[in-house]
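Asker: Build the 3D model from these lines:
(chains A and B)
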2 protein chains.
Amino acid sequence: MRCDVVSNIMEKKNIDCLVVTTEENIAYLTGYRGPGALIVPKNDRPLLLVPLLEAYRASDIVKGEIEIIAYTEYSFPPSTYGTIRKGRFREVLTSLINEFNMKKVGVDLKSAKHDLVNYIREHINASIIDISTEIESARMIKSVEEIEFIRNAVRIAEKGLKKCVESLREGMSEIDLVRIAEYGMREAGAEGYAFPTIVASGPNAAYPHATPTRRRIKRNEPIIVDLGALFKNYCSDLTRTLFVGNIPNDIKKVLEAVIEAQEEAIDCIEPGIRACDVDEKARKILTKYGLDKHYIHSTGHGIGIEVHESPTLNVSDTTILKEGMVITVEPGVYIWRRYGIRIEDDVLVTKSGREVLSSFAKVIEV
Amino acid sequence: MRCDVVSNIMEKKNIDCLVVTTEENIAYLTGYRGPGALIVPKNDRPLLLVPLLEAYRASDIVKGEIEIIAYTEYSFPPSTYGTIRKGRFREVLTSLINEFNMKKVGVDLKSAKHDLVNYIREHINASIIDISTEIESARMIKSVEEIEFIRNAVRIAEKGLKKCVESLREGMSEIDLVRIAEYGMREAGAEGYAFPTIVASGPNAAYPHATPTRRRIKRNEPIIVDLGALFKNYCSDLTRTLFVGNIPNDIKKVLEAVIEAQEEAIDCIEPGIRACDVDEKARKILTKYGLDKHYIHSTGHGIGIEVHESPTLNVSDTTILKEGMVITVEPGVYIWRRYGIRIEDDVLVTKSGREVLSSFAKVIEV
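Answerer: As a prediction, this is how the structure comes out:
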């Protein structure tokens, strides 16, 4: 368990019990990713409450460091891997918290489901304090180990992308290319995908979040490949725009503008710069080429346990970049019913600047 | 848009505006799966509010039937595919609702995020009524079209499973087998996966929700393969337990007990039976063999837009099965640090009984 993060939050928010209920936050603090809740009472042993079906896995992941309590609606004999409590999740969760007799309980309320929060509010005999922002802030700064996991996830995504480029032919379908990309990522050790792989060709490339179809790939049209791997719960997120044959002149100009916007935005990343400044940089370059009206999303986002996490590189996020943050930089241009272009890399904020974790050619014609 | 569902809910709950904010419910009602909100004012045109980057895709999916309103924090010129509103999601959403001047607004609050619900409550000038249960009930009964999509998703998953069986060899890793399964599903037209594919061998098979690892597959040990495809937003969910070589006698008895439990449970499915009755049937068979203490999850769940939806085949769900429901039946036995067995099929409740949508051998030794 990340004891330093937990004790910092407990001290800062002056709480005597920390309760974390969202999968991503549990994964961040314990390494176990799945349903349940982490309960850390002050000066007592932490508990991980999980559905019975997850108890063996959770138990093997947290290896005695955290006590496992499994809930189930059935009657079960005592177990060897942890305690079993009969009841539904919310019932067992609130009973457990109440048993500690705490006065101030910190819960990650912000992204919890509404009906769970209501139930907790009604059933806990303590005041409840939202600790979502504090966990979010902690998650933004990656540890050496987390950076290593993300590096691996990036390396795996690059191998998938390489397979795509090697196999790309006219007449293949978007789904064909997805399976080659994913096969390549699995071959390189992907434990899963950071998000549904996107391959979007021709007019489909104008949808930033396209679902791959059976559309056949044609010569001289942009094919956006956006893919990410999962490694030890951590994500990568890369995009390239590929071409079979040549890049038509008008599209080449757009591609070059997007690359320029991406590289200028990357070059301005360093501790002290705000997230919105990076966005502004990319947007200014695209404005110079008259393409800003086709730039319909933000410039990037944090990656880690989640593929989209804080900060967001957009106009309203004034988060100051710090050493240890990992962010994507992904400007794009989208022209409805015609085509789209996007280039995306993952960037680590270092002590004195930045390190681009991915290295892959940006102009690709096969 | 599913106008019949919308108007039934509006009438039943006596509301003059319906607002749906969760991705799955939006996908169910409109076909567009992504972030945003569907707003249906009584006697007025429905609106789909989406982030600007999703506007082209949403527009092409709903094809003029629903008006698209895109939100963005940037200034954009007027567009051809819909209206653009400047602001954040929650700001634009509540302004839009308030502009209709409605008295009773129905919102799917239950699984919405807590902070969004709070914001809506504070900013809407109308009383808010929860319509989550009504949408959930509607989603349980699948239309002819939805059943066809699920049938296709099942067919695709079976093709992936077939590839697995054909390729299975001693010494392959779990991740190797995952990539073959997924490649097979993509080849058969999968637009995505219903959930992260599970391949869990030997002791890893004791984790019902295992993450695939680089562990090498050995002879005579159970290998659980649990996979599902996405087709037109709809899910399938199948599991088989495979063996390289022979099935050891003690494990064979367990496998046969699981198959018996599954088949007996399937055979009792018909309209009028309760979800908990199907669970009880499976559990009774496993109890007969002394295996109930290793049966650590429920017997199944509804599938559709989500891979886990209502009803749940467990002790506390008294939902009465009706024609058009599609549920999984998946008993299993899990012995910590030794092995696991699970068999799962997808079953349609018909007018007079049931139809098993999947057909795949249940004892597989290669």
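Asker: contacts, neighbours, all on C-alpha from now
Answerer: Fine.
Asker: What residues does the stretch 1-150 of chain A have near chain B?
Answerer: With CA under 8 Å from any CA of the partner chain as the criterion, the stretch 1-150 of chain A meets chain B at residues A:52-54, A:56-57, A:73-74, A:76-77, A:109-115, A:117.
Asker: try it again with 6 Å
Answerer: Neighbours of chain B within the stretch 1-150 of chain A, by CA under 6 Å from any CA of the partner chain: A:52-53, A:57, A:110-115.
Asker: Make a PyMOL selection of the buried ones in those residues.
Answerer: Only the buried entries of these go into this PyMOL selection, using 16 or more other CA atoms under 10 Å in any protein chain shown:
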select buried, chain A and resi 52+53+57+110+112+113+114+115
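Asker: For the residues of the stretch 1-150 of chain A next to chain B, point out the one with the lowest pLDDT.
Answerer: Ranked by pLDDT, these bottom out at A:Ser111 (80).
Asker: returning to that earlier point: which members of the residues of the stretch 1-150 of chain A next to chain B are positioned in helices?
Answerer: A:57, A:114-115 (DSSP state H).
Asker: Among those, which one sits closest to B:Glu166?
Answerer: A:Arg57 (29.0 Å; CA to CA).
Asker: one step back: for the ones in helices among the residues of the stretch 1-150 of chain A next to chain B, please prepare JSON lines with the additional fields distance to A:Thr30.
Answerer: As requested, those are exported to JSON lines (distance: CA to CA, whole Å):
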{"residue": "A:Arg57", "distance to A:Thr30": "12"}
{"residue": "A:His114", "distance to A:Thr30": "24"}
{"residue": "A:Asp115", "distance to A:Thr30": "25"}
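Asker: Tell me the one of those nearest B:Glu221?
Answerer: Closest to B:Glu221 out of those is A:Arg57 (18.7 Å), distances taken as CA to CA.
Asker: From B:Arg216, how far off is the nearest residue to that closest one once chain neighbours are set aside?
Answerer: Take A:Arg57 and drop its neighbours on the chain: the residue closest to it by CA to CA, 6 or more residues apart in numbering or on different chains is B:Tyr207, 5.6 Å away. Per CA to CA, to the nearest Å, B:Tyr207 is found 17 Å from B:Arg216.
Asker: elements contacting the host helix or strand of A:Asp277?
Answerer: Using DSSP states H and E, A:Asp277 sits within helix A:275-288. Helices and strands touching helix A:275-288, by 3 or more CA pairs under 6 Å, 6 or more residues apart in numbering or on different chains; DSSP states H and E, are helix A:249-267, strand A:309-313.
Asker: what's the most buried one of those?
Answerer: Counting by mean count of other CA atoms under 10 Å in any protein chain shown, strand A:309-313 has the highest mean neighbour count of the helices and strands packed on helix A:275-288, with a mean of 22.
Asker: Next SSE downstream of it?
Answerer: strand A:326-329.
Asker: For that next one, which outside residues touch it?
Answerer: For strand A:326-329, the surrounding residues in contact (CA atoms under 6 Å, 6 or more residues apart in numbering or on different chains) are A:299-303, A:344-348.
Asker: I'd like the list of these that fall within strands, please.
Answerer: Using DSSP state E, the members of those that fall within strands are A:300-302, A:345-348.
Asker: for the residues you listed, which one is nearest chain B?
Answerer: Distance to chain B across those (CA to the nearest CA) is lowest for A:Gly300, with 13.0 Å.
Asker: before we move on, back to that, and which of the residues of the stretch 1-150 of chain A next to chain B is nearest A:Ser358?
Answerer: Proximity of these to A:Ser358 (CA to CA) peaks at A:Ser111, which lies at 30.5 Å.
Asker: Please state the backbone phi and psi of that closest one?
Answerer: phi -100, psi 10 (degrees, to the nearest 10).
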